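Student: From the sequence below, what's the structure:
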Amino acid sequence: MVSGSAREPRAGVGDAATGGPERTGLRGWVAGHPVWWRVGGAVIAGLLIYASFPPRTCWYLAPFGIGVLTLVVRGSRRLRGGFGYGLVAGLAFFVPLLPWTGIYVGPVPWLALSAACAVYVGLFGLLARLVGTVPGWPLWIAAMWTLTEWGRSSFPFGGFPWGRLAFGQGDGWYLPLAAVAGAPGVSFAVAFTGTLLAALALRAADHRKPRWLPGIITVATAVAIIPCTGVILRTALPAPDDGDRPITVAAIQGSVPRLGLDFNAQRRAVLDNHVRRTEELARAVAAGQARQPDVVIWPENSSDIDPLRNADAAREIGAVSAAIHAPILVGAVLVNSDDTTTNSVLVWNGLAGPGERHDKRIIQPFGEYLPMRGFFRHFSEYADRAGYFVPGHGDGVVHAHPAGGGPPVAIGVATCYEVAFDRAFEDSLRAGAQLLTVPTNNATFGDTEMTYQQLAMSRVRAVEHGRALVVAATSGVSAIVTADGAVAEQTPKFVPAALEATLPLRTATTPATLLGPLPERVLCILAAAVVVAVAIRRRISPPEHPVDAGALGGRVRRRSAAPAPAE
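Tutor: Sure, this is the predicted structure:
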């Protein structure tokens with residue numbers, strides 16, 4: 001009906017900005033404020049990923065976090081919007097994940113590191129937006145996550161792999177995938193599930209009914225296949241006692257006089273604590289109350305007094321090794337002949353003294369050493385408290401003669417920070433490691449989540465290489481991890497303790513060990529090739545915007561009636 005010269009609007013025709021009738025309430029606010037709801041979505045995505053990490057066991061939240069982030073960045077109209085939303089999600093993830101990095105040095109290092117890591121999530125958002133219109137986009141976007149995780153694990157200063165999606169999956173269905181494609185494969189599987197969930201959400205919102213049900217079924221099936229594959233692979237993991245021959249291993253947690261950067265101000269007290277707890281175990285063995293260990297493992301920094309230069313420390317360690325009738329792997333700070341310092345693990349053979357040693361090869365920037373010291377000392381009064389350590393060389397394996405006899409045991413060592421890096425144990429396995437250990441010192445990080453996050457990394461490494469693994473920590477948590485990633489035993493924090501377990505030595509090789517970094521390299525090369533191809537296409541054709549694209553490869557051109565909001 002026409003009244004005067006005005007015509008009533010038809011149903012479905014509204015203002016040009018919304019493309020529909022005027023909306024009110026929450027739905028109208030969302031339509032009128034796309035930037036703000038995307039910012040909120042990015043924050044939710046980052047928090048979901050954070051909540052999937054230990055000590056929580058909510059591993060299943062990670063795919064949903066990636067799914068939400070994919071929807072947010074894929075709906076952005078510009079590449080810089082994808083970067084911005086990714087950066088927001090990265091801050092929401094890393095800021096609550098990494099407060100332990102600044103617990104004793106103030107918020108500046110913590111926030112700076114969180115921001116640097118968030119930049120890589122921002123880069124993921126940009127790349128996800130770039131390839132979000134390519135047919136098969138869920139696969140390509142997941143590959144972009146792999147590419148940016150590799151970048152963050154490599155640059156700068158050797159990279160910072162903490163917070164990889166795989167390290168939140170210690171209790172999850174995806175963990176067995178580590179035996180096939182390593183930690184990068186687990187991260188990719190989680191990310192791919194998330195991008196498929198995003199595709200499923202778009203399918204569910206697609207109002208083109210003839211295509212709705214087949215699309216839902218197809219994508220839902222793809223979503224289910226990935227984690228179910230992990231569940232099926234769990235049956236192929238080695239049993240806790242499956243191996244070539246068993247040995248008994250003891251891990252000593254001596255605890256420290258104080259927490260914080262000055263945890264070892266009383267260096268002799270730290271050494272004495274570990275000697276005392278080992279003596280208690282020796283007395284229990286003599287009384288028949290504990291098993292005779294073949295090998296004893298002490299934590300990182302259990303002797304910050306160099307036993308190669310200090311006769312008192314050497315006598316004390318030698319005496320307790322003789323008392324327990326077993327070699328001890330001693331975490332020690334050594335001053336070398338050229339006056340450099342190394343963070344080392346020594347095999348101490350009773351009164352015969354030291355044998356082989358592992359010098360930590362991947363040392364921690366801003367902790368064990370300070371890159372660009374003259375520059376960074378202007379930003380924190382704690383800068384000069386960073387050490388002057390140098391990286392070691394070698395294959396990451398030490399050999400110990402078990403107390404019960406038999407050939408030497410090849411033990412792969414990744415000291416503390418090293419366990420986050422794929423290459424640490426890859427080298428050890430190529431050198432024949434039959435058992436793995438992670439000696440660590442968490443006293444400098446107080447009562448934080450750091451130790452649980454690191455334990456989760458150790459669980460991934462055990463499955464990745466099919467080896468039992470022993471975590472020995474100064475202040476906790478120490479743990480025994482079997483080759484299927486299960487935690488057989490663990491200690492509480494801040495108490496002296498000793499763990500004993502009979503563990504199998506293994507020489508069998510997992511596909512992940514055989515393939516090494518190949519799966520990650522293939523995914524990164526594939527991702528880079530897709531980026532190049534899409535970038536070339538953008539230069540020769542107008543950009544397209546995936547606003548309402550429900551199909552896996554669907555593309556919808558930008559509506560000219562709706563002006564693009566600023567981002």
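
Student: Now residue 140: closest residue in space, sequence neighbours ignored.
Tutor: residue 131 (4.4 Å; CB to CB, 6 or more residues apart in numbering). Every C-beta, even on glycine, is put in place using the N, C-alpha and C of the backbone.

Student: Counting neighbours, what do you get for the one you found?
Tutor: A total of 21 residues lie near residue 131 under the criterion other CB atoms under 10 Å.

Student: Check residue 239 too.
Tutor: For residue 239, using other CB under 10 Å, the count is 10.

Student: how about residue 105, secondary structure?
Tutor: Following DSSP: H, G, I helix; E, B strand; the rest coil, residue 105 is assigned to coil.

Student: didn't residue 438 look like it was pressed against residue 412?
Tutor: No - counting by CB atoms under 8 Å, residue 438 stays clear of residue 412, with 9.6 Å between them.

Student: more crowded one of the two?
Tutor: Legend: neighbour count by other CB under 10 Å for residue 438 and residue 412, higher for residue 438 (31 against 28).

Student: How about stretch 325-335, which residues are buried there?
Tutor: Across stretch 325-335, burial judged by 16 or more other CB atoms under 10 Å covers 325-334.

Student: Show me where the stretch 1-150 of the chain has its helices.
Tutor: 25-32, 34-51, 61-74, 79-97, 107-131, 137-152 (DSSP state H, counting those that start in this stretch).

Student: no, scratch that, I was asking about the stretch 151-300 of the chain
Tutor: Using DSSP H, counting those that start in this stretch, helices in the stretch 151-300 of the chain cover 178-204, 209-234, 267-286.

Student: relative to helix 178-204, how tilted is the second one?
Tutor: Spelled out, that is helix 209-234. Angle, helix 209-234 to helix 178-204, by axes from the mean of the first three to the mean of the last three CA atoms, to 10 degrees: 160 degrees.

Student: List the buried residues for helix 209-234?
Tutor: 215, 219-220, 222-223, 226-227, 230, 233.

Student: can I get the helices of the stretch 151-300 of the chain in a markdown table with mean pLDDT and distance to residue 429?
Tutor: Below are the helices of the stretch 151-300 of the chain laid out as a markdown table (pLDDT from 0 to 100; distance: least, CB to CB, whole Å):
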| stretch | mean pLDDT | distance to residue 429 |
| --- | --- | --- |
| helix 178-204 | 95 | 11 |
| helix 209-234 | 84 | 19 |
| helix 267-286 | 93 | 28 |
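
Student: Rebuild those as CSV, extending it with distance to residue 252.
Tutor: Formatted as CSV, these follow (distance: least, CB to CB, whole Å):
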stretch, distance to residue 252
helix 178-204, 28
helix 209-234, 32
helix 267-286, 5
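
Student: Which of the helices of the stretch 1-150 of the chain sits closest to residue 450?
Tutor: Residue 450 lies closest, by CB to CB, to one member of the helices of the stretch 1-150 of the chain: helix 79-97, at 9.7 Å.

Student: got the buried residues for that closest one?
Tutor: 79, 81-95, 97.

Student: For the stretch 301-450 of the chain, just list every one of the helices.
Tutor: Using DSSP H, counting those that start in this stretch, helices in the stretch 301-450 of the chain cover 311-324, 373-376, 422-430, 450-465.

Student: Contact partners for residue 371?
Tutor: Residue 371 is in contact with 157, 365, counting by CB atoms under 8 Å, 6 or more residues apart in numbering.

Student: any chance of the helices of the stretch 1-150 of the chain in a markdown table, plus distance to residue 203?
Tutor: Converted to a markdown table, those look like this (distance: least, CB to CB, whole Å):
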| stretch | distance to residue 203 |
| --- | --- |
| helix 25-32 | 20 |
| helix 34-51 | 18 |
| helix 61-74 | 12 |
| helix 79-97 | 22 |
| helix 107-131 | 18 |
| helix 137-152 | 11 |
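
Student: Tell me which of those helices sits nearest to residue 466.
Tutor: helix 137-152 (22.8 Å).

Student: Which positions in the closest one come out as buried?
Tutor: 137-150, 152.

Student: Same question for stretch 437-450.
Tutor: Buried-residue list, stretch 437-450, by 16+ other CB under 10 Å: 437-446, 449-450.

Student: before we move on, the earlier item: deepest-packed of the helices of the stretch 301-450 of the chain, please.
Tutor: With neighbours taken as mean count of other CB atoms under 10 Å, these reach their highest mean count in helix 450-465, at a mean of 25.

Student: what angle sits between it and helix 79-97?
Tutor: Using the same axes, to 10 degrees: helix 450-465 against helix 79-97 is 110 degrees.

Student: From the chain's centroid, how far away is helix 450-465?
Tutor: Relative to its chain's centre, helix 450-465 lies at 8 Å (CA atoms, centre = their mean, to the nearest Å).

Student: mean confidence score for it?
Tutor: Mean pLDDT, computed over helix 450-465, is 97.

Student: which element follows that helix toward the C-terminus?
Tutor: strand 469-473 (DSSP states H and E).

Student: That following strand: partners in the sheet, and parallel or antiparallel?
Tutor: strand 435-440 (parallel), strand 479-481 (antiparallel) (DSSP bridges).

Student: In JSON lines: those, plus distance to residue 175 and mean pLDDT.
Tutor: Shown next, in JSON lines, are the strands paired with strand 469-473 (distance: least, CB to CB, whole Å; pLDDT from 0 to 100):
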{"stretch": "strand 435-440", "distance to residue 175": "16", "mean pLDDT": "98"}
{"stretch": "strand 479-481", "distance to residue 175": "12", "mean pLDDT": "98"}
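
Student: would you list the ones you listed in TSV and tack on distance to residue 508?
Tutor: Compiled in TSV, the strands paired with strand 469-473 are given as follows (distance: least, CB to CB, whole Å):
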stretch	distance to residue 508
strand 435-440	13
strand 479-481	17
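
Student: Residue 123: which of those is closest?
Tutor: strand 435-440 (30.2 Å).

Student: Quick check: which ranges of this protein have low pLDDT?
Tutor: Along the chain, the parts satisfying pLDDT under 70 run over 1-33, 207-212, 215, 258-267, 372-386, 542-567.
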